[in-house]
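Asker: sequence first, then the predicted structure, then my questions.
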Amino acid sequence: MLYRDLDFKKDLDEIVSLINMNLDPLYTKELILWKHLNNPFGRSIAMVAIEDEKIVGVVFYMRYNFLDSTGKLIKSIRPLDVCTDKSQRGKGIFKILLQKCLENATDFEILFSTPNQKSYPEFIKLGWQPLRREYFFCVAILVYNRYNKLNLKLFNIDKSITEEFIISKDILEFIKWRYDQDYHVKYFTSDRRTNFIIYRISKLKKVKCIVLCDYIGDENQLNVALNAVCKIERISIVYFLNNNVSKKINFLITKKLNKAIIIYKENSFKLDNPLLITLSDIEGRL
């Protein structure tokens, strides 16, 4: 078995075919380019396994930075799109790819992953561990104020970055990269600061709900922002991840659903403070 770096110019068609046949039939070349080459955090680190001149395994470590509870930037990489051909399973290719690919990675402080039930035990064997804080997907009812006058503006994803936004260029680049037409990206200003609320409209057991994906800005303004969203969409059901910021929302009733599977492994950063994780950070499309 030969292991080498993935060649983004020559290997992509074969990689897509491998993933289509063994992991995700809807995976596309455009998705690879979006995730692993056009990522504003930087190009992904990737490696393939080759048997008889055929790619039989692949792993990507995507760059994806976080903030801790104090606002400090944490450089992270996360394994995604890890796939082994069905004919080659049981040979340890999954573990070997994960470990060999890391040998090429230097500029990161922590490893982060949201594995499925099958890969979770393998990560634990490699020294990964669950976050000390537990995160849950939740559903809640918010009785919104019909007289809420917050002026939420639609953010144009294709708009060039201007001085209109009092927020870092890096955050704007992330928003433009991360959220496509499936998301509603809206913003408002308070105390000379620009705040963003990002959500989707979905159905939970055939009932329409607001899926609160992300909020960037003054956390004390989240409750009024979500209230305005519910008023605009005329929806009172909200699906969200119970992170630190969500405590600021005045829900009428909240119910925990499934636990989010989130694991990590420290490199040069000691995870003394919890990461600020949002629902969009752990969505399946990543």
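Answerer: Received, thanks. Residues are numbered from 1 along each chain as shown.
Asker: hey, let's count contacts and neighbours off CA atoms from now on
Answerer: Fine.
Asker: hmm, who's touching stretch 127-146?
Answerer: Outside stretch 127-146, the residues that touch it by Cα atoms under 8 Å, 6 or more residues apart in numbering are 227-228, 230-231, 236-243, 250-265, 274.
Asker: do that again at 6 Å, thanks
Answerer: Residues from elsewhere that reach stretch 127-146 (Cα atoms under 6 Å, 6 or more residues apart in numbering): 227, 236-242, 251-260, 262-265.
Asker: please pick the buried ones from those.
Answerer: For these, a burial check counting by 16 or more other Cα atoms under 10 Å picks out 227, 236-242, 251, 260, 262-265.
Asker: okay, and which of those residues map to strands?
Answerer: I237, V238, Y239, F240, L241, I263, Y264, K265 (DSSP state E).
Asker: which residues does the fourth one form a beta bridge with?
Answerer: By that I understand F240. C138 (DSSP bridges).
Asker: for the lengthiest strand in the chain, buried residues please.
Answerer: For the chain, the strand that runs over the most residues, judged by DSSP E, is strand 193-204. The neighbour-count check on strand 193-204 (16+ other Cα under 10 Å) flags T194, N195, F196, I197, I198, Y199, R200, I201 as buried.
Asker: ok, that strand: who's next to it in the sheet?
Answerer: Sheet pairing of strand 193-204 (DSSP bridges) gives strand 184-190 (antiparallel), strand 207-216 (antiparallel).
Asker: in the ones in strands among the buried ones among the contacts of stretch 127-146, find the pair that's most separated.
Answerer: Spatial extent of those (Cα to Cα) is set by the pair I237 and K265 at 35.1 Å.
Asker: mean pLDDT per helix and strand in the chain: which one sits at the bottom?
Answerer: strand 66-67 (a mean of 82; mean pLDDT, DSSP states H and E).
Asker: can you give the contact residues for stretch 262-277?
Answerer: Around stretch 262-277, the neighbours that count as contacts under Cα under 6 Å, 6+ apart are L67, D68, E109, I110, L111, F112, S113, T114, W128, Q129, P130, L131.
Asker: could you list the low-pLDDT ranges of the stretch 101-250 of the chain?
Answerer: 159-166 (pLDDT under 70).
Asker: circling back to that earlier point, make CSV out of the buried ones among the contacts of stretch 127-146 and add distance to M1.
Answerer: Shown next, in CSV, are those (distance: Cα to Cα, whole Å):
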residue, distance to M1
N227, 56
S236, 55
I237, 52
V238, 49
Y239, 45
F240, 44
L241, 42
N242, 44
F251, 55
A260, 35
I262, 31
I263, 29
Y264, 28
K265, 27
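Asker: farthest-separated two in these?
Answerer: Going by Cα to Cα, the pair spanning the buried ones among the contacts of stretch 127-146 furthest: S236 and K265, at 38.0 Å.
Asker: circling back: nearest to F123, of the strands paired with strand 193-204?
Answerer: Comparing those by Cα to Cα, strand 207-216 comes nearest, at 26.3 Å.
Asker: picking that back up, and the least confident helix or strand of the chain, what other elements does it pack with?
Answerer: With contacts defined as 3 or more Cα pairs under 6 Å, 6 or more residues apart in numbering; DSSP states H and E, strand 66-67 has these neighbours: strand 73-74.
Asker: could you give the average pLDDT over the strand it packs on?
Answerer: Per-residue pLDDT over strand 73-74 has a mean of 86.
Asker: partner strands of it and their direction?
Answerer: In the sheet, strand 73-74 lines up against strand 66-67 (antiparallel) (DSSP bridges).
Asker: in TSV: the strands paired with strand 193-204, plus distance to N151 and mean neighbour count.
Answerer: Converted to TSV, these look like this (distance: least, Cα to Cα, whole Å; neighbours: other Cα atoms under 10 Å):
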stretch	distance to N151	mean neighbour count
strand 184-190	6	19
strand 207-216	16	20
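Asker: nearest to L286, of the ones you listed?
Answerer: Nearest to L286 among the strands paired with strand 193-204 is strand 207-216 (12.9 Å), distances taken as Cα to Cα.
Asker: list just the nearest of the ones in strands among the buried ones among the contacts of stretch 127-146 to N151.
Answerer: V238 (20.2 Å).
Asker: surely that closest one is in contact with C209?
Answerer: Yes. Counting by Cα atoms under 6 Å, V238 touches C209, with 5.4 Å between them.
Asker: and the residue lying closest to F112 once chain neighbours are set aside, what pLDDT?
Answerer: Leaving out its chain neighbours, the residue that sits closest to F112 by Cα to Cα, 6 or more residues apart in numbering is Y264, at 4.5 Å. Note for Y264: predicted pLDDT of 93.
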